[in-house]
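Participant: Structure of the sequence below:
(one chain, ligands or ions: 1)
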Amino acid sequence: MKDILFKLEENHFLNDDEFKLLLEDESEETLNVLNKRAACVSKKTYGNKVYIRGLIEFTNYCKNDCYYCGIRKSNCRAERYRLTDEQILDCCAAGYKLGFRTFVLQGGEDGFFTDEKMLAIIKKIKKSYPDCALTLSIGERGYDSYKAFFDAGADRYLLRHETADSEHYSRLHPSSLSLQNRMKCLFDLKEIGYQVGCGFMVGSPYQSTNSIIKDLKFIRDLNPHMVGIGPFIPHNATPFRACKQGDMHLTLKLLSIIRLMLPNVLLPATTALGTIDPAGREKGILAGANVVMPNLSPNDVRKKYLLYDNKLCTGDEAAECVLRLKNKMKSIGYEIATCRGDYKNITESNSYGK
Ligand code: 5AD
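Facilitator: Below you'll find the model as predicted:
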């Protein structure tokens, strides 16, 4: 196992057999070594900084019906909401005061927010906060829409690929959605010039070691600026309500593997990780993650953006608690950075051995 870990850090990739051995190794020792190496690599690029992004969940309407997701169209128990432009700008104002310099507009695939409406919101935010980065996470659209959003000032785009195994993809999504289109969107976004984030759920139903290996290959090929991974957590009003939750050990292992594959990547310790373990966020940082995304949405809608059961929306997940988050990060030797926190393109020759 030692050789495999060494090879992963040196070559930033492994062959299928080696990945399989590593992914299926359940020993705590392997995990600890991997986490330590990954945290060390993260420190070489980003120091002990943890970047914060203010998440604004601006609509939970969604035209899609993904089998895992609590805001899927067929969940008639979901209380639907949309924020107005003014409410969104209020979230930004509150976030700016708290030190946020990146805003993430995330929502379901909501036909109400046409390209024109999105363009207007993007322009307003960029006009009021020219020093901030704006990230969109609003699902699949066409090349021209993505290009127009970028030209209007959007800087980054998050679109998890969910799984790079097309057979697995079709077990998580209705047939109207395809892995092929998902991947096309991601490559389009990259070509347009966005800083792009992909990602997947750990332990989603029917996921196999082979599908995870496909995820890792896809991540290598896309070479994204950010990778969002978190455990799958069942939601009571979805077809996967009785499925098993994703595993902490495997999530931490994958965070570290991804850090060693892409030393410069921005890697969030996700809300889902914090939901399955009260110390999940800290464990994620100590496994090589370097981003947290507290919630800036208005208080009354937070309880409605439920992608999975028991989703955290208070405590450290709430943007108001930046101070508490700062202290928690300090207790593990990290510092919250209040800047845009752009991707750093540091080459190995000047990052290693320093
Ligand atoms: N458990 C964990 N993560 C989920 N997501 C959606 N539903 C769940 C769930 N039940 C993730 C998806 C999506 C992101 C916004 O949230 O990966 O891309």
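Participant: Going by C-alpha atoms from here, please, whenever you check contacts or count neighbours.
Facilitator: Will do.
Participant: who's in contact with the closest residue to the ligand within the stretch 1-150 of the chain?
Facilitator: Closest residue of the stretch 1-150 of the chain to the ligand, CA to the nearest ligand atom: residue 69 (3.7 Å). Listed by CA atoms under 8 Å, 6 or more residues apart in numbering, the contact set of residue 69 reads 235, 238, 307, 308.
Participant: So which of the residues you listed reach the ligand?
Facilitator: 235, 307, 308 (CA under 6 Å from any ligand atom).
Participant: Next, count neighbours for the second one.
Facilitator: Right, the one you point to is residue 307. 18 (other CA atoms under 10 Å).
Participant: now swap in the first one and tell me
Facilitator: Here the count is done by other CA under 10 Å, and residue 235 has 23 residues near it.
Participant: For it, report the pLDDT, please.
Facilitator: pLDDT, the model's per-residue confidence, is 98 for residue 235.
Participant: Quick check, central residue of the chain?
Facilitator: Of all residues in the chain, the one closest to the mean position by CA atoms, centre = their mean is residue 228, 2.7 Å from it.
Participant: Next secondary structure element downstream of the helix or strand encompassing that residue?
Facilitator: Take DSSP states H and E as the rule and residue 228 turns out to sit in strand 226-231. Heading C-terminal from strand 226-231, the first helix or strand you meet, by DSSP H and E, is helix 248-261.
Participant: So what touches that following helix?
Facilitator: By CA under 8 Å, 6+ apart, the surrounding residues in contact with helix 248-261 are 8-9, 11-13, 23, 31, 34-35, 37-39, 41-42, 202, 216, 220, 229-231, 265, 267, 273, 276, 283-284, 287-289.
Participant: pLDDT (mean, whole number) over the very next helix or strand once past that helix?
Facilitator: Downstream of helix 248-261, the first helix or strand assigned by DSSP H and E is helix 271-276. Averaging pLDDT along helix 271-276 gives 95.
Participant: Stretch 67-84 too?
Facilitator: Mean predicted confidence for stretch 67-84 is 98.
Participant: Ends of that stretch, what's the gap?
Facilitator: Length of stretch 67-84, first residue to last, CA to CA, to the nearest Å: 28 Å.
Participant: Please enumerate the strands of the stretch 1-150 of the chain.
Facilitator: Counting by DSSP state E, counting those that start in this stretch, the stretch 1-150 of the chain has strands at residues 49-52, 54-59, 102-107, 133-137.
Participant: Next: the stretch 251-354 of the chain.
Facilitator: Assigned by DSSP E, counting those that start in this stretch, the stretch 251-354 of the chain shows strands spanning 291-292, 335-337.
Participant: most packed of those strands?
Facilitator: Highest mean neighbour count of the strands of the stretch 251-354 of the chain: strand 291-292, a mean of 24 (counted as mean count of other CA atoms under 10 Å).
Participant: packing partners for it?
Facilitator: strand 49-52 (3 or more CA pairs under 8 Å, 6 or more residues apart in numbering; DSSP states H and E).
Participant: correct me, but residue 284 touches residue 269?
Facilitator: Yes - between residue 284 and residue 269 a contact is recorded at 5.1 Å, counting by CA atoms under 8 Å.
Participant: any common contacting residues for those two?
Facilitator: When CA under 8 Å, 6+ apart defines a contact, no residue borders residue 284 and residue 269 alike.
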